[in-house]
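Trainee: Sequence and predicted structure, then a few things I'm wondering about:
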Amino acid sequence: MKRFTLIIPALLALLMLGCATQDPVSESVVAQTEARIEQARSLNADRHAPVAFRDAQTHLEAAQTAMSKKEFDRARALLERSMADADLAVATSQAKKSEQAAQELEKNLRALEAEIR
């Protein structure tokens with residue numbers, strides 16, 4: 001029984017040490033997030049989805065700060081949020097552009113119908 005009282009604290013200490021060590025964030029994850037934000041920027045997300053676009057940038061900056069402080073778990077969570085926000089900004093921008101194209105097409109069709117009459 002005394003053996004277990006010595007082993008259990010040792011195992012708990014090892015477990016806590018294992019949880020405390022964090023692996024650095026993969027540079028490819030950061031690059032993918034930056035690329036998605038750039039894609040959103042190229043689709044004018046700052047105009048079409050300003051909140052999601054701003055949040056993506058803010059979360060990326062916070063993740064970079066967390067990485068510099070070696071808070072890698074927090075950085076990973078912030079990068080995931082940034083990627084989700086950037087995905088939303090991209091999707092919203094693409095939807096707005098598609099909507100604008102559809103409206104332009106409908107306008108052109110009405111003009112053609114008017115010419116035919």
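Mentor: Arrived safely, thanks for sending. Numbering: from 1, shown residues only.

Trainee: Please make it C-alpha for all contacts and neighbour counts, starting now.
Mentor: Will do.

Trainee: helices or strands up against the longest helix along the chain?
Mentor: Secondary structure of the chain read by DSSP state H shows that its longest helix is helix 72-116. The contact analysis (3 or more C-alpha pairs under 8 Å, 6 or more residues apart in numbering; DSSP states H and E) places helix 72-116 against helix 27-42, helix 45-48, helix 50-68.

Trainee: State the distance from Ala75 to Gln103.
Mentor: Ala75 sits 42 Å away from Gln103 when distances are taken as C-alpha to C-alpha, to the nearest Å.

Trainee: Quick one: closest of the helices and strands packed on helix 72-116 to Arg117.
Mentor: Of all the helices and strands packed on helix 72-116, the one in closest proximity to Arg117, counting by C-alpha to C-alpha, is helix 45-48 (37.2 Å).

Trainee: okay, the residue most central in space within the chain: pLDDT?
Mentor: The residue lying closest to the centre of the chain (C-alpha atoms, centre = their mean) is Met83, at 1.2 Å. Predicted confidence (pLDDT) for Met83: 97.

Trainee: And Arg117, by the same measure?
Mentor: 83.

Trainee: Look at it and say how many residues are nearby.
Mentor: A count of neighbours around Arg117, defined by other C-alpha atoms under 10 Å, yields 5.

Trainee: For it, give its distance to Arg110.
Mentor: 11 Å.

Trainee: hmm, back to that, who has more neighbours out of Ala75 and Gln103?
Mentor: Neighbour totals were compared for Ala75 and Gln103, and Ala75 leads with 25 against 12 (other C-alpha under 10 Å).

Trainee: and that one, how far is that from Glu27?
Mentor: 12 Å.

Trainee: Please apply the same query to Ser98.
Mentor: Taking C-alpha to C-alpha, one finds Ser98 at 33 Å from Glu27.

Trainee: Compare the two (neighbour count), which wins?
Mentor: Taking other C-alpha under 10 Å, Ser98 and Glu27 do not tie; Ser98 has more neighbours (12 against 9).

Trainee: can you tell me how far that one sits from Lys70?
Mentor: 42 Å.
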